[in-house]
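1. What follows is a predicted protein model with its sequence.
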Amino acid sequence: MNENDVKSRLRTALEAYNENPTSLAGKFGVNQKTLHNQINGTTSVSISTILLIAEALPEMSLEWLLRGKGEMILNTVPVVNSNNINSKVNSDNHTLPENFVRDMLAEKDKQIQTLLAILGK
């Protein structure tokens, strides 16, 4: 894996989604200069930045981003839409059932573990 290739794919993905380090920094409350240096400069890309990109662009293939294999966009993306969430909200106390939240968190944990395995961490 060549980090410069990963950075190039990061830039390609951000352009495709009309995003840039400044817009991501604003959305996620992270330091814009750090993101810019990691994506466009000589600073190594951190796992935190990879995870942030994965969160910002959930339909982007991490396999494509990190290894350059396959297509940039996943064919199928599990999406939890607002209607699904709204249908689960308890109308009495405006909370989500614990098992629903646990399942959502478990899915995110699987995605993180997959990313860590790809990165060899």
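-> Cool, got the structure.
2. ok, how many other residues are close to the residue nearest to Thr114 when sequence neighbours are not counted?
-> Leaving aside its sequence neighbours, Thr114 sits nearest to Leu62 (Cβ to Cβ, 6 or more residues apart in numbering; 7.0 Å). From N, CA and C alone the C-beta is placed, and that goes for glycine too. By other Cβ atoms under 10 Å, 19 other residues sit near Leu62.
3. what sits against Leu62?
-> Leu62 makes contact with Ile50, Ala54, Thr114, Leu115, Ile118, according to Cβ atoms under 8 Å, 6 or more residues apart in numbering.
4. In this structure Leu14 contacts Asn20, no?
-> Yes: counting by Cβ atoms under 8 Å, Asn20 is a contact partner of Leu14 at 5.7 Å.
5. Which residues are in contact with Gly26?
-> Gln32.
6. Can you give me the buried ones in the host helix or strand of it?
-> Mapping Gly26 onto the secondary structure by DSSP states H and E places it in helix 21-28. For helix 21-28, the neighbour count (16 or more other Cβ atoms under 10 Å) marks Pro21, Leu24, Ala25 as buried.
7. Those residues into TSV, with extra columns for pLDDT and distance to Glu3?
-> Formatted as TSV, the buried residues of helix 21-28 follow (pLDDT from 0 to 100; distance: Cβ to Cβ, whole Å):
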residue	pLDDT	distance to Glu3
Pro21	92	16
Leu24	88	19
Ala25	89	21
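8. Let me know the closest of those residues to Pro97.
-> Distance to Pro97 across the buried residues of helix 21-28 (Cβ to Cβ) is lowest for Leu24, with 31.8 Å.
9. Just give me the neighbour total for Gln38.
-> Residues near Gln38, counting by other Cβ under 10 Å, number 21.
10. Cheers, nothing more for now.
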